[in-house]
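In: Just a sequence and a predicted model for now, questions to come.
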Amino acid sequence: MEIIHVSAECYPVAKAGGLGDVVGALPKYQNELGHIAKVVMPMYKTKFLMNNAWDVVHKGRTNIGDYWFDYTIIKEQTNKLGFDLYLVDINGLLDREKVYGYDDDTERFTAFQVSVVDWISVWVHKPDVIHVHDHHTGLIPFIIKHCYKYQHLHSIPTVLTIHNAQYQGTMGWDKSYLLPPWDSWKWGLLDWKGAINPLASGIKCAWKVTTVSKSYLEEMRQSSNGLEDLLEYERGKCSGILNGIDVDVWDPATDSYFEDHFTVKTAAEGKAKSKKKLCDTFDLDVNKPLIVFIGRLVGEKGADILPAAISDSFYYIGRKMNFLILGSGFPEVEAQLNSLQRLAQKDYSVYIGYNEALSHLMYAGADFLLMPSRVEPCGLNQMYAMRYGTVPMVRRTGGLRDTVIDYGEKNGYGIVYNWAAVGDITQGIWRAVDLYNDSERMAEIRERMMLLDFSWQSSVLQYISLYEEMRHKEPVTESLPE
């Protein structure tokens, strides 16, 4: 099959979160099974763009409303990511340094989607599947079905994967002119609660909808930022497929971001060396357990309660552990975490920002990874941690529920708690300190974690099965929830 992935992110080209990791790995493993998977994404001004060679494969002209623009499709020459990578260049709209965060993001990503469909519309053949990811590409299933110029593509099966339902790309109906001329009788397929909602439209119009863990699929029917009723109505075409990780990139035996490589058999020695480097760099006590947080400093990650949890842990448990935080996000959370630095006694440090090399070293050198997430559709960090022998400390939600078993249960290997609350987190920290002091059990858990298989192999087969199911079916007919 020829599978076209359309996404706003793809690691290592441009990444803002887990979406980039998934789109950077899934197509590679689909190709390894003998399929032809390709990725199409916006052309941002990134190091990857500047450091690689490109071929121009198409030039086109289209519009969003009264704004006509030229677009160019370029292709990476060497297939270095393991799949064909195409970038859409729209001068002045997409060629910026950041992925998101601009006032005209609605126009940027609408123009991107229209350009992708416009390009595919002139192909001499049709791809077998168009697989779109999150709201930035959620309008594509509607465009190929109900925009007059592109209706000849309506028979191409489409899949929407929801990586995070909290972000939906909602725009007012005054923006409807941005879409190519469309069948106004189908306005309800764009609308959700009085506005154009690209994610809701994708759910209604795509042939199949997936999300990134089974537990998150169930949770979305209870809490998905207003889409609960729609997801319940469309449950028949929805499925949860757990993400995997790229085991070639995330391998402690070969990781290019640090020097002291290790395997399951040499994990104790290898991790100790990376831990010492971290402790020396951030003025931490190497003899204490090292608990790290890696991620966005935002509410859905539980980062806003980190300062209180760390302070309470020092007060109630004592100065028996180190904390090292890596991330950026809400300015008030950054300020609170920075303020704790003044009280450190060789047991706390924070790095505001993001540093890919540092994150790899932290997975390798840490004893525990803290993930007190309020929302975690799948979570990849806990899988990276376990691959590197670092015990995950997670809230029981979404993909964390599906991938981490508490060490108090049979064959368990993590620390799990029920609520994103200071008390639950500090209880988990107390358990981590207690576990760290039991070196024999710690070694046993480390080995058990590192032998777990979180590769893409099983997940890729589930996606292929989903695609095959659609290939021989007639285009789906949409109906609207009452």
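Out: Cool, got the structure.
In: Gly24 contacts Phe83, doesn't it?
Out: No. Applying CB atoms under 8 Å as the test, Gly24 and Phe83 come out as separate, 9.2 Å apart. Where C-beta positions appear, they are placed from N, C-alpha and C, glycine not excepted.
In: which other residues reach stretch 104-117?
Out: 6, 8, 40, 42, 60, 62-64, 67, 69, 71, 88, 90, 93-94, 102, 136-137, 139-140, 143-144, 147, 150, 153, 169, 171, 175, 178-180 (CB atoms under 8 Å, 6 or more residues apart in numbering).
In: Which ones among these lie within strands?
Out: 6, 40, 42, 60, 62-64, 67, 69, 71, 88 (DSSP state E).
In: and which of these is nearest His163?
Out: His163 lies nearest to Val6 out of the ones in strands among the contacts of stretch 104-117, by CB to CB, at 13.2 Å.
In: my guess is Leu26 meets Val460, correct?
Out: Yes. In this structure, Leu26 is within contact of Val460 by CB under 8 Å, at 6.8 Å.
In: shared neighbours of the two, anything?
Out: Gly244.
In: So for those two, which sits in the more crowded spot?
Out: Leu26 (28 against 23; other CB atoms under 10 Å).
In: now the strands for the stretch 101-250 of the chain?
Out: All strands of the stretch 101-250 of the chain, identified by DSSP state E, counting those that start in this stretch, fall at 129-133, 158-162, 191-192, 195-196, 208-211, 238-240.
In: Is it possible to get JSON lines of the ones you listed that adds mean neighbour count?
Out: Output for those, formatted as JSON lines (neighbours: other CB atoms under 10 Å):
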{"stretch": "strand 129-133", "mean neighbour count": "26"}
{"stretch": "strand 158-162", "mean neighbour count": "27"}
{"stretch": "strand 191-192", "mean neighbour count": "20"}
{"stretch": "strand 195-196", "mean neighbour count": "20"}
{"stretch": "strand 208-211", "mean neighbour count": "24"}
{"stretch": "strand 238-240", "mean neighbour count": "19"}
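In: Could you dump these into a markdown table and include distance to Thr281 and mean pLDDT?
Out: Formatted as a markdown table, these follow (distance: least, CB to CB, whole Å; pLDDT from 0 to 100):
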| stretch | distance to Thr281 | mean pLDDT |
| --- | --- | --- |
| strand 129-133 | 36 | 98 |
| strand 158-162 | 38 | 98 |
| strand 191-192 | 48 | 98 |
| strand 195-196 | 48 | 98 |
| strand 208-211 | 38 | 97 |
| strand 238-240 | 39 | 96 |
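In: can the ones you listed go into a markdown table with extra columns for distance to Gly428?
Out: Listed next are the strands of the stretch 101-250 of the chain as a markdown table, based on distance: least, CB to CB, whole Å:
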| stretch | distance to Gly428 |
| --- | --- |
| strand 129-133 | 32 |
| strand 158-162 | 28 |
| strand 191-192 | 37 |
| strand 195-196 | 40 |
| strand 208-211 | 26 |
| strand 238-240 | 26 |
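In: now the residue lying closest to Lys276 once chain neighbours are set aside: how far from Gly65?
Out: Using CB to CB, 6 or more residues apart in numbering and skipping the chain neighbours, the partner closest in space to Lys276 is Val286 (5.4 Å). For Val286, the distance to Gly65 equals 60 Å [CB to CB, to the nearest Å].
In: Poorly predicted segments of the protein, please.
Out: By pLDDT under 70, the low-scoring segments of the chain are 474-482.
In: What are the structural domain limits within it?
Out: Domain segmentation of the chain under automatic domain parsing yields 2-244+457-471, 267-450.
In: Can I get those domains in a markdown table including distance to Thr254?
Out: Converted to a markdown table, the domains of the chain look like this (distance: least, CB to CB, whole Å):
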| stretch | distance to Thr254 |
| --- | --- |
| domain 2-244+457-471 | 16 |
| domain 267-450 | 11 |
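In: Trp250: which of those is closest?
Out: Once those are compared by CB to CB, domain 267-450 is nearest, at 5.3 Å.
In: Just the terminal-to-terminal distance for that closest one.
Out: Domain 267-450 has an end-to-end distance of 9 Å (CA to CA, to the nearest Å).
In: now stretch 215-226
Out: Criterion CA to CA; first-to-last residue distance in stretch 215-226 is 18 Å.
In: please renumber so the chain begins at 26
Out: OK, 26 is where the count begins now, so the last one is stretch 240-251.
In: so how far is that stretch off the chain centroid?
Out: How far stretch 240-251 lies from its chain's middle: 17 Å, per CA atoms, centre = their mean, to the nearest Å.
In: what do you get for stretch 26-44?
Out: 10 Å.
In: what's the burial count for His60?
Out: 19.
In: list the contacts for it?
Out: Applying CB under 8 Å, 6+ apart, the residues near His60 are 26-28, 489.
In: do the same with Tyr69
Out: 38-39, 119-124.
In: which ones among the residues you listed are found in strands?
Out: Per DSSP E, the subset of those in strands is empty.
In: Helices - which of these land there?
Out: Among the contacts of Tyr69, no member falls in helices (DSSP state H).
In: List the buried residues in the host helix or strand of Ala360.
Out: Using DSSP states H and E, Ala360 falls within helix 356-365. Buried residues in helix 356-365, counting neighbours by 16 or more other CB atoms under 10 Å, are found at 358-359, 361-362, 365.
In: The stretch 376-507 of the chain: helices as residue ranges?
Out: For the stretch 376-507 of the chain, the helices defined by DSSP state H, counting those that start in this stretch cover 381-390, 406-412, 423-428, 447-461, 464-475, 482-496.
In: and what of the stretch 126-275 of the chain?
Out: 130-145, 165-171, 223-230, 239-245, 253-258.
In: Number of residues surrounding Ala78?
Out: There are 10 residues near Ala78, going by other CB under 10 Å.
In: Secondary structure element for Val375, which one?
Out: Assigned by DSSP H and E, Val375 falls in strand 373-377.
In: Tell me what the nearest residue to Asp449 once chain neighbours are set aside is bridged to.
Out: Among residues not flanking Asp449 along the chain, Tyr442 sits closest, at 4.1 Å (CB to CB, 6+ apart). With DSSP bridges applied, Tyr442 shows beta-bridge pairing to Arg420.
In: Tyr442 touches Ile450, doesn't it?
Out: Yes. Using CB under 8 Å, Tyr442 is in contact with Ile450, at 7.1 Å.
In: More neighbours: these two, which one.
Out: Ile450 (24 against 19).
In: which residues sit in contact with the more buried one?
Out: 327, 330-331, 334, 338, 395, 397, 442.
In: Surely Pro152 is in contact with Ile29?
Out: Yes. Using CB under 8 Å, Pro152 is in contact with Ile29, at 4.7 Å.
In: what's the overlap in contacts for the two?
Out: With CB under 8 Å, 6+ apart, Pro152 and Ile29 have common neighbours Ile145.
In: Those two: who's more crowded?
Out: Neighbour totals were compared for Pro152 and Ile29, and Ile29 leads with 24 against 17 (other CB under 10 Å).
In: secondary structure element for that one?
Out: Using DSSP H and E, Ile29 falls in strand 27-31.
In: by how many degrees do that strand and helix 130-145 diverge?
Out: Put simply, strand 27-31 runs at 160 degrees to helix 130-145, going by axes from the mean of the first three to the mean of the last three CA atoms, to 10 degrees.
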